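[1] Quick one: sequence plus predicted model below, questions after.
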Amino acid sequence: PRTIALVVAAGSGSRMGQDLPKQYLTLGGKAVLRHCLDTFHRHPRIAGVRVVINPACRDLYDAAAAGLDIMTPVAGGRSRQESVRLGLGSLVEAAPDYVLIHDAARPFIDADTIDRTIDTLSHHAGALVVVPVVDTLKRGTERQGALFSGATIDRAGLFRAQTPQGFRFGAILAAHKAASTGLEMTDDAAVAEAAGLDVALVTGHEDNFKITNPADLARAERLMSEQME
Ligand code: C5P
């Protein structure tokens, strides 16, 4: 099956507290975004890579993707969901069998997880990379301006969603179109579930975390230097 990687990189990354959006910060000598582009580009089962960007960041994108033979980028939207929908729409002509949707802010995606995601799509419409929840979960409740532990949520059977999230192309395109008028969803598996698609879980790695806060960049630098040793 022809598989295209759709990398969403149109966010502003405001929680990082930096001028540059986090996907364009430097990590291990190259842009955060470039790490996952290299991994998808050299993967033998990935036929193409398309990035969804904020057009105002075109120069940053060109620098990050310099010399890489991938598809031309397309413009994203105000939300991640809108960016994915626009990205999927841009792939109609290319008509892939599968699409793997990935956050630019996850530089540590590995080839083996990509393989297992693609393998899962031969049996299911969707494949979601997750890691099990290991901490005990609490619901905070506020009383008199302070936060208290309101309830303990059983962590058994709970997972944290990562990316890539892989889908049969036609199914996820239709699901995103159908979801475009409803409440905003933070991942594509939620969009797929709302359309009644079955989304199988693929166990991923803790290292495939999303760079969100300043501390995440320091963690990423440490992990990067360990991997380079
Ligand atoms: O903000 P968050 O970390 O959840 O964003 C996840 C991914 O979605 C990031 O790679 C970000 O660049 C992308 N995104 C996007 N368009 C937006 C918002 C976020 O492509 N409007």
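    Yes, it's here.

[2] And stretch 116-131, end to end?
    Stretch 116-131 has its terminal residues 14 Å apart, counting by Cα to Cα, to the nearest Å.

[3] So for it, what gets flagged as buried?
    Residues of stretch 116-131 classed as buried: 116-118, 120-121, 124-131 (neighbour count, 16 or more other Cβ atoms under 10 Å). For the C-beta atoms, the positions are set from N, CA and C on the backbone; glycine is no exception.

[4] who touches the residue in the chain that the ligand sits nearest to in this structure?
    Here the chain gets closest to the ligand at one residue, G11, 2.8 Å apart by Cβ to the nearest ligand atom. With contacts defined as Cβ atoms under 8 Å, 6 or more residues apart in numbering, G11 is in contact with 21-23, 54, 76, 80, 83, 104-105.

[5] most surrounded residue in these?
    Q23 (33 neighbours; other Cβ atoms under 10 Å).

[6] On the three-state scheme, that residue is what?
    Classification of Q23 using DSSP: H, G, I helix; E, B strand; the rest coil returns helix.

[7] so who does it touch?
    9, 11, 13, 31-33, 64, 104-105.

[8] Columns secondary structure and pLDDT on top of these, output as JSON lines?
    Below are the contacts of Q23 laid out as JSON lines (DSSP: H, G, I helix; E, B strand; the rest coil; pLDDT from 0 to 100):
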{"residue": "A9", "secondary structure": "strand", "pLDDT": "98"}
{"residue": "G11", "secondary structure": "coil", "pLDDT": "93"}
{"residue": "G13", "secondary structure": "coil", "pLDDT": "72"}
{"residue": "A31", "secondary structure": "strand", "pLDDT": "97"}
{"residue": "V32", "secondary structure": "helix", "pLDDT": "98"}
{"residue": "L33", "secondary structure": "helix", "pLDDT": "98"}
{"residue": "A64", "secondary structure": "helix", "pLDDT": "98"}
{"residue": "A104", "secondary structure": "coil", "pLDDT": "98"}
{"residue": "A105", "secondary structure": "coil", "pLDDT": "97"}
